[in-house]
Structure formats: structure tokens, C-alpha cells
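Asker: Predicted structure and sequence below. I'll ask about it afterward.
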Amino acid sequence: MASIIALAPSPACVLSAQRGPTTRSLSQKCSAPSAKLLSAVRRTSLGAHRTERMKVSAGLRDGDLGENAGESFFPTSEYETNCEGEEIASEPIMRVGHGWDIHRLATVEEAGQGCVIGGIKIPDFDKGTVAHSDGDVLYHSATDALLGALGLPDIGQLFPDNDPRWRGADSEAFFDEAVRLMKKRGYRIMNLDVTLILQQPRVAKHKAAMKENVVRICKTIPARVNIKARTHEKLDSIGEGRALSCHTFVMMERC
């Protein structure tokens with residue numbers, strides 16, 4: 001199993017009772033390095049952990065936003081004034097986000113790849129996910145949930161589907177980037193709740209491995225992550241097995 005670098009917040013990263021740290025101090029105290037190590041997943045039916053490693057360069061966040069990407073949307077001051085002249089903290093104690101994703105299912109030949117959910121390549125399934133990247137609906141929805149909670153652009157803006165760099169890409173890179181941005185803003189996972197909605201494939205026996213992946217990427221503990229799955233009662237494209245989708249809700253707390 002490849003080792004994963006876990007970056008814990010500095011002891012100095014504490015919550016002030018009245019005024020939180022500035023964006024500058026958050027970056028200094030809680031952020032991960034801008035060039036952290038990612039692994040490339042070599043998936044198995046058991047969702048094997050990463051076995052190859054690659055270094056993330058500024059190009060990962062280049063997209064259509066420049067080298068800073070998500071960082072360029074961070075608050076620029078500790079407090080901002082609303083239309084009534086009231087000062088409001090830019091970084092509240094808690095944040096909440098929601099992400100949703102849907103992808104079409106097709107034959108493996110048409111999709112050009114298999115079906116990957118939560119970092120697990122689903123075995124013995126004769127359909128693939130039609131997507132620019134690997135089409136992992138769980139990782140995509142979780143990424144958008146984190147980005148949304150932070151008030152940042154969505155996954156499609158940070159990693160546009162017309163960029164050839166993301167063709168067939170491992171979606172863990174997107175999820176990992178959202179976690180890096182969360183850490184840099186001085187937050188950590190309080191609770192992350194996932195609901196997969198799909199008629200097929202059946203994923204009950206894979207949920208534990210999916211949860212393990214999410215816990216690892218978020219650098220949190222199992223008690224703070226939940227993964228559920230349900231069918232769509234054979235209704236519409238999802239119920240007919242022509243698509244699959246996922247909702248993710250996240251709560252963050254200041255570290």
C-alpha cells in the first residue's frame with residue numbers, strides 16, 4: 001500500500017472566539033504545500049490504493065483560471081461589509097456544501113472505459129461511464145460539495161471538459177485538489193454524507209472500500225463519512241440503467 005502524506009493542522013491553527021485568522025494567516029498555518037504528492041490509482045475490484053505516484057504541478061490547477069485557480073477566489077480580507085454597513089467575517093466557524101453529478105452509462109466499447117465509483121472499478125459490469133475523465137460520480141459530487149462550501153468555482157470551471165489533460169483522468173486528482181483548498185482555507189471535514197442513486201451496478205459490497213477511499217482523501221476519520229446507495233425504482237434514465245448519479249453534502253469546521 002502506498003504511503004499517503006497526511007498534513008495535520010499546526011497547533012497554532014486555533015479558532016479565535018471573536019475574530020478568525022486572516023486569509024494570509026490561514027495559508028501560513030493550515031495549508032498543504034502547493035506541490036504535494038498525488039498517486040495514480042491502479043484500480044482493482046477491491047479498490048486497491050495507489051501504486052504509482054506523480055507530483056502535482058501548477059498545471060493541475062491551470063484550467064481556465066491561471067496557476068492559482070481556486071486560490072484566486074479566496075477572500076481578500078478577514079471581514080467584509082454588507083449593504084447595511086455590518087461587518088461580517090469572511091471565514092465562518094462552519095460551512096455547508098452540496099454537490100451533484102450524473103453520467104450516462106453505455107457499452108464499454110462506446111464509453112471507452114469501465115465504470116468507476118468512489119475510486120473502485122466495478123467488476124463484472126458490462127457498461128462503462130461516458131465522461132471526459134474517468135466519470136467517477138462520487139468523486140465529482142464530493143469535489144463540487146467541497147468547492148461549493150468554500151464559495152469556489154465548480155469542478156467544470158477548475159477542470160474543464162474541453163481540456164485534453166483531463167481526458168480519462170483519475171478523478172481522485174480533482175477531489176484531492178478540493179481537499180487541498182479546504183485545508184488551505186483552514187477547514188476540515190465535520191461530516192460528509194454521500195447518496196449514490198443508481199439502478200445498476202449493484203454497489204453494496206463495494207461501499208466499505210469506497211468509504212475507505214473518501215476517508216483517506218479527506219484526511220479524516222470513518223465516523224465523519226457516510227456512503228449510502230439506493231435505486232431509482234426503475235424510473236427515467238437512471239431507473240432504466242442508462243445513467244447513474246450521486247449527491248454529496250458536506251459540513252466543514254474551522255481547525
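Answerer: That came through fine.
Asker: Assess the claim that Lys184 and Glu91 are in contact.
Answerer: No - here Lys184 does not reach Glu91: they are 11.5 Å apart, not a contact under C-beta atoms under 8 Å. (Glycine included, C-beta is placed from N, CA and C.)
Asker: How many neighbouring residues does Leu147 have?
Answerer: Counted by other C-beta atoms under 10 Å, the residues lying close to Leu147 total 25.
Asker: can you pull the contacts of it?
Answerer: Under the criterion of C-beta atoms under 8 Å, 6 or more residues apart in numbering, the neighbours of Leu147 are 70, 97, 99, 153-155, 158, 178, 181.
Asker: Thr220 now?
Answerer: Thr220 makes contact with 188-189, 192, according to C-beta under 8 Å, 6+ apart.
Asker: okay, those in JSON lines with distance to Ile227 and secondary structure next?
Answerer: Converted to JSON lines, these look like this (distance: C-beta to C-beta, whole Å; DSSP: H, G, I helix; E, B strand; the rest coil):
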{"residue": "Arg188", "distance to Ile227": "19", "secondary structure": "strand"}
{"residue": "Ile189", "distance to Ile227": "14", "secondary structure": "strand"}
{"residue": "Leu192", "distance to Ile227": "9", "secondary structure": "strand"}
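Asker: Nearest to Phe125 among the residues you listed?
Answerer: Out of the contacts of Thr220, the one with the shortest distance to Phe125 is Leu192. That distance is 25.4 Å, counting by C-beta to C-beta.
Asker: my guess is that closest one meets Val250, correct?
Answerer: Yes - with the criterion set as C-beta under 8 Å, Leu192 and Val250 qualify as a contacting pair; they are 4.8 Å apart.
Asker: quick one on the thing from earlier: let me have the contacts of Leu147 in a markdown table, extended by neighbour count.
Answerer: Conversion of the contacts of Leu147 to a markdown table gives the following (neighbours: other C-beta atoms under 10 Å):
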| residue | neighbour count |
| --- | --- |
| Gly70 | 22 |
| Gly97 | 22 |
| Gly99 | 26 |
| Pro153 | 19 |
| Asp154 | 13 |
| Ile155 | 26 |
| Leu158 | 24 |
| Ala178 | 28 |
| Leu181 | 23 |
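Asker: Which of those fall in helices?
Answerer: When the contacts of Leu147 are checked against helices using DSSP state H, the ones located there are 155, 158, 178, 181.
Asker: just the strands in the stretch 51-200 of the chain please.
Answerer: Under the criterion DSSP state E, counting those that start in this stretch, strands of the stretch 51-200 of the chain are mapped to 52-55, 79-81, 87-89, 94-107, 116-117, 120-121, 127-130, 187-197.
Asker: Give me the local confidence score for Pro160.
Answerer: We have a pLDDT of 86 for Pro160.
Asker: Return the distance of it relative to His132.
Answerer: Look at Pro160 and His132: by C-beta to C-beta, to the nearest Å, they are 9 Å apart.
Asker: shared neighbours, the two?
Answerer: By C-beta under 8 Å, 6+ apart, the residues touching both Pro160 and His132 are Trp166.
Asker: ok, back up a step: so Leu192 and Val250 - more neighbours on which side?
Answerer: Here Leu192 and Val250 are set side by side on neighbour count (other C-beta under 10 Å), and the busier one is Val250, at 30 against 23.
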